[in-house]
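Peer 1: Structure for this input, please:
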Amino acid sequence: MIRRLSVLDRSRTREGHPASQALRDTVELARQAERLGYHRFWVSEHHSVPGVAGSAPTVLAAAVAGATRRIRVGTGGVMLPNHRPLVVAEQFGVLESLFPGRIDMGLGRSVGFTGGIRRALGRDTGDADRFEEQLAELLGWFDGTQRAHPEVHAHPAEGLAVPAFVLATGEGAEIAARTGLPLVAGDLRRRDRVAEIVERYRAGFRPSARHPEPYVVVSGTVAVAATEEEARRILVPEAWSLARSRTRGSFPPLRPAQEIEGVEMTVKERELYEGALAGHVHGTEEQVAAELAEVSALTGADELLVTTSTYDRGALLDSFGRLARLAGLAGPRANGAP
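Peer 2: Presented below is the predicted three-dimensional model:
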């Protein structure tokens, strides 16, 4: 079994509930994850997506950290091409100053996924190509080595040690290896592909002052229930939302599974829906334990970052509880950084 379990929550909205409820649900899920003994709790960055309320990850991370006591809190991730490195350093410097020893800085290289969003952010697709340069500047604001603006200092970030992680989008694995940072790789539906990414990362890893050895986090959806069918039903709302987004151009809020299972679908919708359901880790505790053992053997991952979303919050919390039990998590504890 992978030795550490963590949670990434995207603050998915549910049909009939406002976005504010999704954000409150994220904070409550973080409290439950801490109670169950999960290692860290991360939030994500999405812009102009109707079904996702998590658009400002450092703000939401502050709310999560303020509502918890021990669990590590961070982002999965801040999309660095959307921001100036100085501002990101200042934001994480404030977080680390308020919640010392608990903050993580997960960083991605994606930009807004439509032209309109990119224009609103003042960015274009070419900004992703500057990620490695931006990452070096960002880390330099913390350790005082950035040279682009020698007269400027990032207060209160300078001198603080905030762990940085690189999300493996595009060239992310190679960048993480060259800079000596931990890697976050997903998704588990393409396990052979994840294993290839991890192998390239480990082969190219250059030890750094931050990390003398590689550190691998694999991410994916995991659903655990009393029966395999119940676990599959946890996956249904997100699968339907993904299918609708690819046929209607809109990413809708999550709907109850029982409503979706009675919906008439076009051939294309059915194909996309079934494809979105396939390949996720799900089932009873015994089935999931066997699948995660396979993932561990294939990737040698140090940590699993669980990203499950569904309409039924009770079923979601039960799934996280079952996963914690099968992993032997011991409940609340102080979590050291990797």
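Peer 1: Glu132 versus Glu171, what's the distance?
Peer 2: 8 Å (CB to CB, to the nearest Å). C-beta here means a position set from N, CA and C on the backbone, and glycine is covered the same way.
Peer 1: Out of these two, name the residue with the larger neighbour count.
Peer 2: Neighbour totals were compared for Glu171 and Glu132, and Glu132 leads with 18 against 15 (other CB atoms under 10 Å).
Peer 1: Quick check: closest non-adjacent residue to that one.
Peer 2: Once flanking residues are discounted, Glu132 sits nearest to Ile175: 5.0 Å by CB to CB, 6 or more residues apart in numbering.
Peer 1: so what's that neighbour up against?
Peer 2: For Ile175, the contacting residues are 109, 131-132, 135, 166, by CB atoms under 8 Å, 6 or more residues apart in numbering.
Peer 1: make it 7 Å
Peer 2: By CB atoms under 7 Å, 6 or more residues apart in numbering, Ile175 lies in contact with 131-132, 135, 166.
Peer 1: swap in Glu45?
Peer 2: Listed by CB under 7 Å, 6+ apart, the contact set of Glu45 reads 54-55, 57, 75, 77-79.
Peer 1: quick one: which of the contacts of Ile175 has the most company?
Peer 2: Going by other CB under 10 Å, Val166 tops those with 30 neighbours.
Peer 1: Which strands or helices does the helix or strand encompassing Ala239 pack on?
Peer 2: Secondary structure from DSSP states H and E places Ala239 in helix 228-248. If contacts are counted by 3 or more CB pairs under 7 Å, 6 or more residues apart in numbering; DSSP states H and E, helix 228-248 sits against strand 222-224, helix 257-260, helix 267-277, strand 281-283, helix 313-327.
Peer 1: Mind doing that once more with 6 Å?
Peer 2: When contacts are defined as 3 or more CB pairs under 6 Å, 6 or more residues apart in numbering; DSSP states H and E, helix 228-248 sits against strand 222-224, helix 257-260, helix 267-277, strand 281-283.
Peer 1: Output the contacting helices and strands for the first one.
Peer 2: Spelled out, that is strand 222-224. Counting contacts by 3+ CB pairs under 6 Å, 6+ apart, strand 222-224 packs against helix 228-248, helix 313-327.
Peer 1: Next, the buried residues of that strand.
Peer 2: 222-224 (16 or more other CB atoms under 10 Å).
Peer 1: Check stretch 66-76 too.
Peer 2: 68, 71-76.
Peer 1: And stretch 12-19, by the same measure?
Peer 2: Buried residues in stretch 12-19 (16+ other CB under 10 Å): 12-14, 19.
Peer 1: ok so, going back, can you list contacts of the helix holding Ala239?
Peer 2: For helix 228-248, contacts defined as CB atoms under 6 Å, 6 or more residues apart in numbering pick out 51, 223-225, 251-252, 254-255, 257, 260, 268-269, 272-273, 276-277, 280, 282-283, 309-311, 315, 319.
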